[in-house]
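> Make a model of this:
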Amino acid sequence: MSGPGKTTRVGAVKQITSHSNPIVKEIKGLIAQRKHRTQAGLFVAEGLKLATDALEAGWDIRYLAIGPDARDNPIAQQAAASAKARGALILEVNTAILSAMTRKDNPQMVVGVYEQRTQSLASIRPEEATTWVALDRVRDPGNLGTIIRTADAVGASGVILVGDCTDPFAVETVRATMGSLFHVPLVKTTREAFLDFAAKWPGSVVGTHLEGSVDYRKAEYGEPVLLLMGNEQQGLDAPMTSACNTLIRIPQVGQADSLNLAVATGITLYEIRRPYLEL
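I've put the predicted structure just below:
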């Protein structure tokens, strides 16, 4: 936004034909290593749909690389114009450069680089929330991306990443969100800070547990709901379990000893949000 003392950054267009170009190397580094994403505060999202979603949601964009197939695509051209108007550098590249950037033989026609966006626990207003999902040490990027997508689908207030979680801005996670990353608030926090936060939560603090005493379909979900989901291998440990005022279980009749984390989260979220989904 322009105003007194501020300047509006104007984007530009740059053609890149060399694999050794510093921007190509930068994007490869952002895809390959979390430490590069963290240090730069940037991440990569591949594909025209994600580019459109990010721009419509107002996320800050640094680069938008467009390949040959995008140059005759009106939606891609509109995305490039919008990105340029917001100060992004538009990179016109060939398919070989796109492949080098993404390390894929068949890359998407558009690759965007965006500024990361997370919130603090202090930004959460329980009185304005209905359902927040807290994930304790989630490890799998596909699980995390699917949960973010499901949270978006049911209209949850946001997702809290507790402790040492997988990177929400890894390309695998971003892809699994199918664009929901750009619509669901994300909070990152330590376990200690989260436990203190949960102790002061004014509504239901619900956890799924194999030893839960309440069927998830019969539980009372008093709003606002804080849903805790545990690590894929260990579930909720003792401190996180103690933070809950309700432990629920999802009945099983087969031989599986547990459900996939994303599936269990989805089942529970749809039950919690059922009154809204029936409207």
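
> which SS class is residue 264?
When classified by DSSP: H, G, I helix; E, B strand; the rest coil, residue 264 comes out as helix.

> And for residue 226?
strand.

> residues contacting it?
132, 134, 198, 201, 203-206 (C-beta atoms under 8 Å, 6 or more residues apart in numbering). (Glycine included, C-beta is placed from N, CA and C.)

> Tell me which entries of those residues lie within strands.
132, 134, 204-206 (DSSP state E).

> where in this structure is pLDDT low?
For the chain, the stretches with pLDDT under 70 are 1-10, 279.

> For PyMOL, what selects the buried ones among the contacts of residue 226?
Burial among the contacts of residue 226 is assessed by 16 or more other C-beta atoms under 10 Å; the matching PyMOL selection reads:
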select buried, resi 132+134+198+201+203+204+205+206
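
> How far away from the center of its chain is stretch 240-260?
Chain-centre distance of stretch 240-260: 24 Å, with C-alpha atoms, centre = their mean, to the nearest Å.

> ok, and for it, which residues are buried?
So, applying 16+ other C-beta under 10 Å, buried residues of stretch 240-260: 240-241, 243-244, 246-248, 250, 259.

> what's the closest of those to residue 111?
Distance to residue 111, by C-beta to C-beta, is smallest for residue 259 among those, at 34.4 Å.

> ok, and the closest non-adjacent residue to the closest one?
Leaving out its chain neighbours, the residue that sits closest to residue 259 by C-beta to C-beta, 6 or more residues apart in numbering is residue 250, at 6.3 Å.

> ok, so what distance separates that neighbour from residue 261?
Look at residue 250 and residue 261: by C-beta to C-beta, to the nearest Å, they are 12 Å apart.

> Kindly report the same for residue 121.
Per C-beta to C-beta, residue 121 is found 22 Å from residue 261.
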